[in-house]
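> Task: produce atomic coordinates for the following.
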Amino acid sequence: MADRKPNVYSIAAHRGFADALVAGLIPRYHEDGFGLARLTLLLPSRRAVRIVTEAFIRASGGDGGGGLLLPRMAVVGELDLDETLGPLLDPLGEGADLPPAADPTARLLALAEMLRSDPETRATSAPGLLRQAQSLAQAMDRLAVEDVDLEDLLDPDVVGLVGDLAEHWQRGTAQFARILVHWRARCEARGEIDAPVRRNRLLSHVAERWRSQPPAQPVVAAGVTSAAPSVARLLRVVADLPHGAVILPDLDLALPQSIWDALGAAGNTDRPDAPVFARGDVATHPQYHLKLLLARMGIARGEVQSWHRSGPAAAPPERSRAISNLFLPPEASTIWADLPAEARRLSGVRLMETAHPEEEAQAIAVLVRQALAEPERRVAVITPDRDLAQRLVAHLERWGIAADDTAGRPLSQMPAGRVLLQLAEIAATAAAPVPLLALLGHPLVRRGEGRAAWLERVRELDLVLRGPRPGPGLAAVRSAVLAKGKEHPGLAAWWHETAALLEPLLDDAAPPSLGRGLDTLAQVAEALCGPAIWAEADGRALAAFVEQWREAALGSGLPVEGADLHALLSDALGEIAVRPPYGGHPRLSIYGLLEARMSRAELVICAGMTEGKWPASPAPDPLLAPPVLRALGIPGADFRIGLAAHDLAAALGAPEVVLSHAARDAAGPVIPSRFLLRIRAMLGRELQHETAAVRIARALDKAPPAPAYPQPAPMPSAEQRRVSIASTALDRLRGDPYQFYASAILGLRTLDQLDAAPTPAWRGTAVHEVLRLWHEGGSKRGELLPLAERTLAEMSAHPFMRGLWRPRLLAALQWVEDYNAGLALQGRVPVLWEKTGATEIMGVKLHGRADRIDRLADGTLAVVDYKTGKPPSGKMVQEGYSLQLGLVALIAERGGFEGLGGKVYGFEYWSLQKKSDVFGYCEEPVPEGRKKNGLPRDAFVPETLRYLTEAIEKWILGSEPFTARPNPDLPGYTDYDQLMRLEEWQGRGKGGA
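The predicted structure follows:
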């Protein structure tokens, strides 16, 4: 075999790899009766198997010959080391005597344990250790794929190189070597090897076997471009087989030899100890990794032959020449200015520029719809941006086009994965309201006949849990439910049953264990969702994940606290891609960069072409410095830029190509991909632009301008106006009538956020509750603060309460207690607190709640209003915009509070705010002493009555419109600003113009 010329071919980019491959394989290897069944086809990935199978189906349907027996297809390699390479050649029975591969999950947990005991490790939590272990495992795999052993890492030249690096690189490399030694010893003790090592041995074993005993049946390796040494050795053997062939994608045979040499050494060295990657290598060029592969195969580029078959979606031949010129190295690209038109013609390639990703997805959807309207026209959208892919899927649903993102979605974003993560978050947050309600309302929970009733209870629980978070645990939620049981009958019984299902999540007595935690999560998930949790594709992926991690956890001693489980699972589930089953549009595919390799369509749309996306931002290895990787022969971060360029070169070979990018993303303006900048520089004015789709996309969502919205001034009927007035509502009625209209007439109330920071209204309610309980207990000195501690602990577990507001409140309550004791010495006695009273004015009910009313020594009354913030100014009271004290006094003087009567002489605000370095003070809005604004004591109630009767005559009994914000400078509430569409008319002149 050594004297034969190796059978190595290249399929040019314009021919379409999969279809051109099939078009050549069928006449070359087809046999009557057996078809292609005797052929063994080695492909780079499972995705390639699917793409080539579809190409065979198209070819068999187009020749009118009926069915076709497919060749045997095996997966042997992948460009991306993060991808699962499959069982490799195990199904052929070639590696039965090799040790089994170590389970990757068990390896991850074992490495995390080793890191936990290593002195250099900074992480202490299980998620942090596992993230570091993941980086460690990836570095180990990269070394194994390149046949780099521990001894190579300890080579004196490498050790000397490490000694010249910064201290953190030295520590990282030393830690990596230590962990690697421990791991290799563990593998030897268990009789296992790493999966990449086993793959290398399998490939080497098969290569030796086929070299000594060539198989009788043909073997073809197609599309395999991994330059890993073991893969390269196998490809060389296949190329030398009597019935073998290696078919490479997009190897540029027309590239001038001088430019080919300028790409760098790429493994072509005379000295065996020379580095694989020289310092001047152009690793970002799309041909570099193919040059490295040929060097490791021991084949010159001149020995590679052209594959002359083409697929049905082939582009003009001059396209390949233009692509070659497009990616010339920087020094050689100076010839662009002198290139003839046919050498840089990219007819059929258009550039589409949009304003933002949403507009980009809409414009792409327009292009897809137009293309699918033509019979038998196939469309492929290629993008590394999965968010953009999901936007596109959503836009296509507008026209009933079912599209699936074949790159898949992370399991952590799928329904089944979300259930598991929400359960873990409930365990980590002690049943905080947000994750609790998100879980109970999840589409998989109680799916079926009783779901409507279930959701009704969930909505009731949502209303109960609005506001600051209750205490930790399910018992605190139960207390909140019982406190509002009258408003939601039946909710307590429902919550009792639901809490029983969730109780295993909050079992603090259980020791920290990953396996036990996964068991608990799976059991609770199945109790809530039934079989539906495992039913769909994401459910099956979740079941496999739980089983794999549970089994690996049995042999691990890594402690995992319940609070860490959510972060751990979020990382792990985010690494699992759930790909859709068949069922989308048959002529439309949405690919990631990996999935798009070897695919072809009549229209290819390359989307999301911005710097940092395509190509992706280089991610340096966190453990091994770039000089160390270069010395060991490991591809660096710039190597992947070359792979991204090769992906684009393959896509540019389609008959019609649209290159799309947005001017900005969610974070701000972005830079177009460096590849797009090359295309602009080479083509100049000859570059075609896609503008029609962008124009249509903008028109689709362009609504006619809305008319100016006028300042609201509703005019309810006389019957609707006849409502009662609360003592706190007159201020709104006079200052902002619209707010009174929305609250008292429409009956609208704002809802607090879930797990919200304590609002001023909530803090006021809390203070009132504490003081009510204190008064009911006799207002004894020394009891207020302990009572406040207990009450506030029961009412809220919000960190704002614990850390900031509670200490200030306790200091202010101490002032209340001391001040109250001083008043008692003056003969002043509280006679009423937290009571509601009412009276009638002009036939309209006035009602209000008194915080506290005291009987003074002379028999008169003093009305007290507690304020957690700054009390209203005397000027506000004087102008009639803060009359609560006067209205409560009016009710009291008219006998509106049962068992209480008399003239009111005191009008006091007790503020708990800080003043003069002391929390708590008393203030009266009465113009006495140095105070100039307010209402005189004798006129306080009469003036309040005057303001009240004016308001009743104008708005309640009259016909005055309830105008929104007639006094824009007046401070007030903002609860109804959105309802009145304030920002649409305020400050724009009369009538909103």
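
> So which residues of the stretch 551-700 of the chain form helices?
With helices called from DSSP state H, counting those that start in this stretch, the stretch 551-700 of the chain shows them at 562-574, 593-596, 626-632, 637-651, 674-683, 692-700.

> If you could redo that for the stretch 201-350 of the chain, that was the one I meant.
229-240, 257-262, 288-297, 318-326.

> now the second one, how far from the chain's geometric center?
Spelled out, it's helix 257-262. 45 Å (CA atoms, centre = their mean, to the nearest Å).

> ok, now stretch 144-164?
Mean C-alpha position of stretch 144-164 versus that of the full chain (CA atoms, centre = their mean) differs by 38 Å.

> Can you give me the end-to-end span of it?
For stretch 144-164, the separation between the terminal residues is 25 Å (CA to CA, to the nearest Å).

> And stretch 235-245, by the same measure?
OK, stretch 235-245 end separation, CA to CA: 9 Å.

> So what's the gap between that stretch and the chain middle?
In this view, stretch 235-245 has its centroid 47 Å away from the chain centroid, taken as CA atoms, centre = their mean.

> closest to residue 771 out of the helices of the stretch 201-350 of the chain?
Shortest distance between residue 771 and the helices of the stretch 201-350 of the chain, using CB to CB, is found for helix 288-297: 75.7 Å. Placement of C-beta: from N, CA and C, glycine included.

> and that closest one, what's its mean pLDDT?
Regarding helix 288-297, the rounded mean pLDDT is 92.

> Dump it to CSV, keeping only the CA atoms.
Provided in CSV are the C-alpha atoms of helix 288-297 (Å, rounded to 0.1, in the frame of the first residue of the first chain):
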residue,chain,number,x,y,z
TYR,A,288,-5.0,26.2,8.4
HIS,A,289,-6.6,23.3,10.1
LEU,A,290,-6.8,21.4,6.8
LYS,A,291,-3.1,22.1,6.3
LEU,A,292,-2.4,20.7,9.8
LEU,A,293,-4.5,17.6,9.0
LEU,A,294,-2.6,16.9,5.7
ALA,A,295,0.7,17.4,7.5
ARG,A,296,-0.2,14.8,10.2
MET,A,297,-1.5,12.5,7.5
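
> start at 859 instead
In the new count, where the first residue is 859, that last one comes out as helix 1146-1155.

> Show me the contact partners of it.
For helix 1146-1155, contacts defined as CB atoms under 8 Å, 6 or more residues apart in numbering pick out 864, 866, 937, 1083-1085, 1087, 1090-1091, 1093-1094, 1097, 1104, 1106, 1108-1109, 1118, 1121-1122, 1124-1126, 1134, 1139-1140, 1158-1159, 1162, 1493, 1497, 1500-1501, 1504.

> who touches residue 1702 in this structure?
Contacts of residue 1702 by CB under 8 Å, 6+ apart are 1580, 1582, 1583, 1810, 1814, 1815.

> Count the neighbours of the spatially closest residue to residue 893 that is not a sequence neighbour for me.
Excluding the flanking residues, the one nearest residue 893 by CB to CB, 6 or more residues apart in numbering is residue 927, at 3.1 Å. Look at residue 927: counted by other CB atoms under 10 Å, it has 15 neighbours.

> Repeat that for residue 893.
Residue 893 has 19 neighbours, counted by other CB under 10 Å.

> mind listing what it touches?
For residue 893, the contacting residues are 926, 927, 928, by CB under 8 Å, 6+ apart.

> what's the lowest-pLDDT member of these?
Lowest in pLDDT among those is residue 926, which has 77.

> For it, give me its contacts.
By CB under 8 Å, 6+ apart, the residues touching residue 926 are 884, 893, 894, 914, 917, 918.

> and if we set it to 6 Å?
By CB atoms under 6 Å, 6 or more residues apart in numbering, residue 926 lies in contact with 893, 918.
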